[in-house]
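J.: fold the following for me, if possible:
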Amino acid sequence: MTTPTLTERYVAAVVRRLPEKSRADVASELRASIADDIEARLADGTDPQIAERDALTELGDPDRLAAGFAGTPLQLIGPAVYLDWRRLLTVLLSIVLPIVAGALIIAQALAGAGPVDIVLGTMGTVVSVGIAMAFWVTVIFAIIERTGAADRPLVAWSLDSLPTTTAKPQVGVDVLVGGVLGLLLLVAGLVSQSVFPAFRDAEGGAIPFLAPELWSWWIPYFIVVLVAELVFAIVLYRRRSWSLGLAVGNIVLTLAFAVPMIVLVLSDSIVNPAFSAQLADVPELIELGGQAMVITAIAVAAISLWECIDGVLKAARARR
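T.: Residues are numbered from 1 along each chain as shown. I've put the predicted structure just below:
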């Protein structure tokens, strides 16, 4: 039995990846091309065996060469539809994941789960949902890539797609997500502390974490502020760019939330005294809670300051 030459082995490795009807033509074309290359190398005085090896090495991976003959893409998503894939995936993740997270927090709180279980359960589910969404969107676009439908972008670009001016920063859907998520978290916290409290009194009644006096004014006040911030986010999203008026409105709403919150935290008016009394036997927790309040006040001040500055900077860039 004759041992196949390197050329025959290479040709066989290429054509096995091709449709049956095109194998013979490609094999003949490839053999002729390899023979011409070897002949040119022999004319330069190269050893026959070395000439054959060099010619085949220069051709490269036979699977890659076969893909070129067959016109098969070597990427999951090609440049024609990559931007469509990225835009769709970004929109889906930015909208769906915050909604899933908010719904899970509320559902787990109503089911009586503890804070750690809520956080870990929500994080695990959100990551799983994000991975699943990315996987299936990628699969769909990979199929589009291989069915010949990816010769052009799925969404045609036109001059109408251009922004009114490149100087104005565009506002994304994340502003809406932040507004909705803030309101959902507040509602979830208020519901969970009453329905599934950490402590109960002698009669079995719930001992909420927040001081009951807050319900007379401050809790309704913060709900109104968060609703106003959601309305502001909707207006900002519809305008798609910042303005001086929006920057001022952002400062007013930010301070309307931050200043009372910092005052309440530093004056020790947030935590229900009855809740603190349950921890009297563990003075370390009382001390830790006091430190946590100070850190919370500093964090609220720092974040609020940055939000005010960021709004002004974006408005200034939009006016250039």
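
J.: where does the stretch 51-200 of the chain dip in pLDDT?
T.: Filtered on pLDDT under 70, the stretch 51-200 of the chain yields the residue ranges 71-75, 94, 102, 105-116, 118-119, 148-173.

J.: can you give me the strands in it?
T.: Secondary structure of the stretch 51-200 of the chain, counting by DSSP state E, counting those that start in this stretch: strands at 199-200.

J.: give the buried residues for the host helix or strand of G245.
T.: The secondary structure element spanning G245 is helix 244-266 (assigned by DSSP states H and E). Of the residues in helix 244-266, those scored as buried under the neighbour-count criterion (16 or more other Cβ atoms under 10 Å) are 246-247, 249-251, 253-254, 256-258, 260-262, 264-265. Using the backbone N, CA and C atoms, a C-beta is placed for each residue, glycine as well.

J.: cool, and stretch 45-52?
T.: By neighbour count, and taking 16+ other Cβ under 10 Å as the criterion, the buried residues in stretch 45-52 are 46, 51-52.

J.: in helices, which of the residues you listed fall?
T.: Secondary structure assignment by DSSP state H places 51-52 of those in helices.

J.: reformat the buried residues of stretch 45-52 as a markdown table; add distance to E213.
T.: Compiled in a markdown table, the buried residues of stretch 45-52 are given as follows (distance: Cβ to Cβ, whole Å):
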| residue | distance to E213 |
| --- | --- |
| T46 | 94 |
| A51 | 93 |
| E52 | 91 |
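
J.: which residues touch the helix holding G245?
T.: Counting contacts by Cβ atoms under 8 Å, 6 or more residues apart in numbering, the residues outside helix 244-266 that touch it are 214, 218, 221-222, 225-226, 228-229, 232, 235-236, 239, 269-270, 293-294, 296-297, 300-301, 303-304, 307-308, 311-312, 314-315, 319.

J.: need the buried ones from the residues you listed selected in ChimeraX.
T.: This is how ChimeraX selects the buried members of the contacts of helix 244-266, with burial counted by 16+ other Cβ under 10 Å:
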select :214,218,222,225,226,228,229,232,236,270,293,297,300,304,307,308,311,312,314,315
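
J.: helices - which of the contacts of helix 244-266 land there?
T.: When these are checked against helices using DSSP H, the ones located there are 218, 221-222, 225-226, 228-229, 232, 235-236, 239, 293-294, 296-297, 300-301, 303-304, 307-308, 311-312, 314-315, 319.

J.: what's near enough to touch T138?
T.: Residues 76-77, 85, 89 are the ones in contact with T138 under the rule Cβ under 8 Å, 6+ apart.

J.: just the buried members of those residues?
T.: Buried residues within the contacts of T138, counting neighbours by 16+ other Cβ under 10 Å: 77, 85, 89.

J.: hang on, isn't the last one packed against V137?
T.: Pointing back at L89 there. Yes - contact criterion Cβ atoms under 8 Å: L89 and V137 qualify, at 5.1 Å.

J.: list the buried ones in stretch 215-224?
T.: By 16+ other Cβ under 10 Å, the buried positions in stretch 215-224 come out as 218-219, 222.

J.: which member of the residues you listed is positioned nearest V127?
T.: Looking at these and their distance to V127, the nearest is F222, at 30.1 Å (Cβ to Cβ).

J.: look up how far G182 lies from the closest one.
T.: 10 Å (Cβ to Cβ, to the nearest Å).

J.: I143 now?
T.: Separation of I143 from G182 (Cβ to Cβ): 39 Å.

J.: name the residue in the two with the higher neighbour count.
T.: Between I143 and G182, counted using other Cβ atoms under 10 Å, the more crowded position is G182 (19 against 11).

J.: okay but that one is in contact with L226, surely?
T.: Yes - in this structure, G182 sits in contact with L226. The criterion is Cβ under 8 Å, and the distance is 5.4 Å.

J.: how about the contacts of T138 in a markdown table, adding distance to I99?
T.: Putting the contacts of T138 into a markdown table (distance: Cβ to Cβ, whole Å) gives the following:
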| residue | distance to I99 |
| --- | --- |
| L76 | 28 |
| I77 | 26 |
| W85 | 22 |
| L89 | 16 |
